[in-house]
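Structure for this input, please:
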Amino acid sequence: MRRRHSGVVRVTHWLTTLAFFALLVSGIEVLLSHPRFYWGETGNVGETPLFSLPVPSSRSTVPTGYGYVLPDQNGWSRYLHFQSAWLLGLTGVAYFVSGLRTGHFRRNLVPGSADLRWSAVRRTFAEHVRVPAASARDPLSYNLLQRLAYVVVIFVLVPCVIWTGLAMSPGFAAIWPATVTLLGGKQSARTLHFAVSVALVLFLFVHLAMLVLAGFPARVRAMITGDAEVRA
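Numbering: from 1, shown residues only. Reported below is the predicted structural model:
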């Protein structure tokens with residue numbers, strides 16, 4: 001057995017998992033109150049949406065083409081969504097600070113210059129297609145595809161989903177209006193928030209699929225205990 005994940009990585013991973021699923025469930029419920037998206041500062045039922053989701057709404061005033069509405073659970077869902085967002089944000093800050101202090105990002109996530117050479121990239125893709133579970137033989141390191149995926153999620157998608165979420169907050173917009181203006185307005189922020197959330201959900205499915213291919217019980221156990229079994 002070899003040490004695979006530090007205590008900080010494990011704790012922040014499971015807190016992020018908890019926050020993400022709470023955000024997903026509550027976000028879906030919030031979305032159902034108005035499943036239409038706009039671009040710019042304003043958007044309402046009297047305007048033509050940029051696009052609409054083919055789902056019924058939980059409010060009879062929102063035109064969705066359905067002859068019925070879903071139960072309105074907008075109260076608890078918004079409360080849970082905001083609280084979970086704070087958990088995600090604070091957990092992310094703790095993970096980021098720890099990653100910089102311990103060298104976790106440089107050592108385990110950010111690809112080195114040698115990894116980005118074309119020959120290395122081609123070899124990684126070839127091995128990934130030929131033997132999808134090849135990473136199971138080396139549970140102490142991530143291959144190039146995994147590193148790039150984690151870097152994009154940690155340093156691009158998660159900051160974007162937090163930024164676009166805060167941009168929809170009247171209090172945050174009042175203090176830092178430029179953060180909303182840069183996104184094109186509150187409705188643009190909502191649309192981008194939805195798009196980034198979809199990208200994170202897609203990553204979740206890919207992440208779970210890779211865990212299954214690489215050995216789900218062993219990988220989950222390593223994220224709980226911190227130790228991984230190294231095969232000879």
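
following the helix or strand bottoming out on mean pLDDT in the chain, which helix or strand comes up?
Every helix and strand in the chain was compared by mean pLDDT, DSSP states H and E; the lowest is helix 118-130, with a mean of 58. Downstream of helix 118-130, the next assigned helix or strand under DSSP states H and E is helix 144-152.

Tell me the helices and strands packed up against the helix or strand following that following helix.
Later in the chain than helix 144-152, the nearest helix or strand by DSSP H and E is helix 158-167. Applying 3 or more CB pairs under 8 Å, 6 or more residues apart in numbering; DSSP states H and E, we find helix 158-167 packed against helix 74-102, helix 177-181, helix 186-225. (Each C-beta comes from the backbone N, C-alpha and C, glycine too.)

of all those, which lies closest to residue 48?
helix 186-225 (12.3 Å; CB to CB).

Redo the helices and strands packed on helix 158-167 as CSV? Include distance to residue 56, mean neighbour count and mean pLDDT.
Formatted as CSV, the helices and strands packed on helix 158-167 follow (distance: least, CB to CB, whole Å; neighbours: other CB atoms under 10 Å; pLDDT from 0 to 100):
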stretch, distance to residue 56, mean neighbour count, mean pLDDT
helix 74-102, 14, 15, 94
helix 177-181, 30, 14, 92
helix 186-225, 17, 16, 90
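
Endpoint to endpoint, stretch 94-108 covers what distance?
17 Å (CA to CA, to the nearest Å).

same thing with stretch 174-183?
OK, stretch 174-183 end separation, CA to CA: 15 Å.

who touches it?
Stretch 174-183 has contacts (CB atoms under 8 Å, 6 or more residues apart in numbering) with 163, 164, 166, 167, 172, 173, 186, 189, 192.

CSV for the helices and strands packed on helix 158-167, including distance to residue 28?
Formatted as CSV, the helices and strands packed on helix 158-167 follow (distance: least, CB to CB, whole Å):
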stretch, distance to residue 28
helix 74-102, 8
helix 177-181, 24
helix 186-225, 10
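
so which of those gets nearest residue 156?
helix 186-225 (8.9 Å).
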